[in-house]
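K.L.:
Just to be clear, the model below is a prediction. Sequence and coordinates:
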Amino acid sequence: MAEIFVDEGDAVAEGGPLFRLELRDFVLAKDQAKHSLDAAKASLNAAEVNVANAKREYERLRALRANNAVSQQKLDAASDAYKTSEAALRIATASVDVARDALEMAKHNFLESTVRSPISGHVATKNINVGEVVAPISPVPCFYIVDDTVCKVEAQLPDTKQSSVRMSQEVRMTVDGVPGNEWRGRITYVGDIIDPLSRTLTVRTRVENREMLLRPGALARLKILSDERKNVTTAPIRSIVRRNGEPIVFVVESGAALARRVELGLAGEDNVEITHGVRPGDLVVIDGTESLENGIAVEIINPDEVKLNDEPAGAVR
């Protein structure tokens, strides 16, 4: 290792230099390949001269043989010499091609002595130092280059939920270490097999990380939008109470809180669908519901905040 151009945490562009190997061996190999090519070209020139001489001698003896001025044996020998020179020429031509390829490879290796980043990102880990020997194949890479402008997220979904996920489904993600932020993406992969030990299914998604708030290896919480309905009656989730296992809301009528048993549909992050038991426009109690009893008198402070809504509901699991 002759020189290192970047350190941990540095940003690198695709094709940017990371480190350079010692050049001596590459220079020697390139010079040797050039000399070999020069020698091969010289041998080719000599072979071409030999072919020309052998052809000239063969044609001369063939003319003499037509007049019985030389023996057939001499003509046959000249023919064999001509054919041999042509074979030697083909070998010399191939040798030049091999030497030329070797020189191109040596030039390529010389250029590759400077190792460059295959992607844009930043240096997450540097595992080499100047003076160390770098093996062509090593179990530990010299650098980890991370492109975290787009993060891949993998999650394990319980097998009981496998029918509720599909490709391109919307996903919302939060990370405990970055509170107050939410990232959105879509499912890019749904596993084909259920893990026999954990009984889970692998799903993957990709989220944009343009503000660079996410870091590889962080634990995330995924919420998958499993279904959506429009024009349904919804109520705040915190207005729902359980009495004897049944969902109940308290509707305000004539200054009293009246318990209504309701049937629930899809649940979102803040609201839940009410399929039966109340109607849009009903006033429901949001706070203090655990201490309420049926028929107890209540005072409405802000009626706009407690009216049931007629809006889309999304189920988030």
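P.N.:
Ah, there it is.
K.L.:
you'd agree residue 174 is in a helix?
P.N.:
No - Residue 174 sits outside any helix when classified using DSSP: H, G, I helix; E, B strand; the rest coil, being strand.
K.L.:
and it, what does it touch?
P.N.:
181-183, 220-221, 223 (C-beta atoms under 8 Å, 6 or more residues apart in numbering). Just so you know, the C-beta spots here come from the backbone N, C-alpha and C atoms, and that holds for glycine as well.
K.L.:
And for residue 33?
P.N.:
Contacts of residue 33 (C-beta under 8 Å, 6+ apart): 99, 102-103, 105-106.
K.L.:
mind putting the contacts of residue 174 in a markdown table, neighbour count and secondary structure included?
P.N.:
Listed next are those as a markdown table, based on neighbours: other C-beta atoms under 10 Å; DSSP: H, G, I helix; E, B strand; the rest coil:
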| residue | neighbour count | secondary structure |
| --- | --- | --- |
| 181 | 12 | coil |
| 182 | 13 | coil |
| 183 | 22 | strand |
| 220 | 19 | strand |
| 221 | 11 | strand |
| 223 | 18 | strand |
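K.L.:
how near is residue 237 to residue 137?
P.N.:
Distance check for residue 237 against residue 137: by C-beta to C-beta, to the nearest Å, it reads 56 Å.
K.L.:
between those two, which one's more packed in?
P.N.:
Set residue 237 next to residue 137 and count neighbours by other C-beta atoms under 10 Å: residue 237 wins out with 14 against 4.
K.L.:
Please name the nearest non-neighbouring residue to the more buried one.
P.N.:
Distance criterion C-beta to C-beta, 6 or more residues apart in numbering; nearest residue to residue 237, sequence neighbours excluded, is residue 272 at 5.1 Å.
K.L.:
again, but for residue 2
P.N.:
residue 22 (4.7 Å).
K.L.:
residue ranges for the helices of the stretch 51-200 of the chain, please.
P.N.:
Assigned by DSSP state H, counting those that start in this stretch, the stretch 51-200 of the chain shows helices spanning 72-111.
K.L.:
low-confidence ranges in this protein?
P.N.:
Scanning the chain for pLDDT under 70 picks out 1, 227, 302-317.
K.L.:
Pop the domain breakdown of it in here.
P.N.:
As assigned by automatic domain parsing, the chain contains the domains 1-18+113-140, 23-111, 150-218, 228-316.
K.L.:
What separation do you get for the residue nearest the centre of the chain and residue 102?
P.N.:
The residue lying closest to the centre of the chain (C-alpha atoms, centre = their mean) is residue 152, at 7.7 Å. Computed with C-beta to C-beta, the distance linking residue 152 and residue 102 is 42 Å.
K.L.:
same thing with residue 202?
P.N.:
48 Å.
K.L.:
what about residue 160, how many residues close to it?
P.N.:
For residue 160, using other C-beta under 10 Å, the count is 10.
K.L.:
on that earlier part again, wait, doesn't the residue nearest to residue 2 sit right on residue 3?
P.N.:
No - counting by C-beta atoms under 8 Å, residue 22 stays clear of residue 3, with 9.3 Å between them.
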